[in-house]
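> Need a 3D model of the following:
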Amino acid sequence: MNATHTPAHKADLAVTHVLAQLLERLEHSAVPVGPEQYRSVVTHLVEQFRDAEPGSELGRLLDAYPAASEVYENLNYQHAGLCRSALDTSLAAELAARKAIERAMHAAGPEAAHE
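Numbers count the residues shown, from 1 in each chain. Here you go, the predicted model:
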């Protein structure tokens with residue numbers, strides 16, 4: 001008998017919570033953190049996010065831990081873009097970039113546009 005086993009989504013986010021908390025500590029550590037340790041925490045967090053059930057509990061976890069939220073957002077960028085970034089911050093960054101490009105174009109003069 002061949003039974004197909006599909007992994008169930010994890011409803012319990014206890015491990016995800018601990019990893020998110022640890023990542024936040026590493027992000028704000030006054031002591032330098034080794035890249036291997038940082039990579040290990042992020043890799044394990046990514047694995048947990050892949051199995052996490054979307055919903056309000058995950059949303060609360062991501063709201064509480066900005067570093068973990070950034071990892072989650074990057075994992076899901078192809079589907080939702082910067083869905084967890086503050087819209088005001090994203091819009092302000094886009095407008096500042098546009099103004100900087102316009103200033104650079106004007107400073108270069110009209111001959112730069114034809115090169």
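> where's the closest residue to D63 other than its chain neighbours relative to G55, distance?
Closest residue in space to D63, ignoring its immediate chain neighbours: S69 at 7.2 Å, by Cβ to Cβ, 6 or more residues apart in numbering. Bear in mind the C-beta positions are built from the backbone N, C-alpha and C, glycine included. From S69 across to G55, the span is 15 Å (Cβ to Cβ, to the nearest Å).
> Looking at the two, which is more packed in?
Counted by other Cβ atoms under 10 Å, S69 and G55 do not tie: S69 has more neighbours, with 18 against 11.
> which SS state does the residue positioned nearest the centre of the chain fall under?
In the chain, the residue lying closest to the centroid (Cα atoms, centre = their mean) is E70, at 2.2 Å. Assigned by DSSP: H, G, I helix; E, B strand; the rest coil, the conformation of E70 is helix.
> What of L61?
helix.
> Show the contacting residues for it.
Applying Cβ atoms under 8 Å, 6 or more residues apart in numbering to L61 gives the contacts 13, 16-17, 20, 68.
> switch to 10 Å and redo it
The contact partners of L61, taken as Cβ atoms under 10 Å, 6 or more residues apart in numbering, are 13, 16-17, 20-21, 49, 52, 68-69, 72.
> What score does the closest residue to Y65 other than its chain neighbours have for pLDDT?
In space, Y65 comes closest to A20 once its chain neighbours are excluded; the distance is 3.9 Å by Cβ to Cβ, 6+ apart. For A20, the model assigns a pLDDT of 97.
> A20: neighbour count?
Neighbours around A20, by other Cβ under 10 Å: 25.
> any idea which helix or strand carries it?
helix 14-27 (DSSP states H and E).
> next one: R98
helix 87-108.
> What is that helix packed up against?
helix 110-113 (3 or more Cβ pairs under 10 Å, 6 or more residues apart in numbering; DSSP states H and E).
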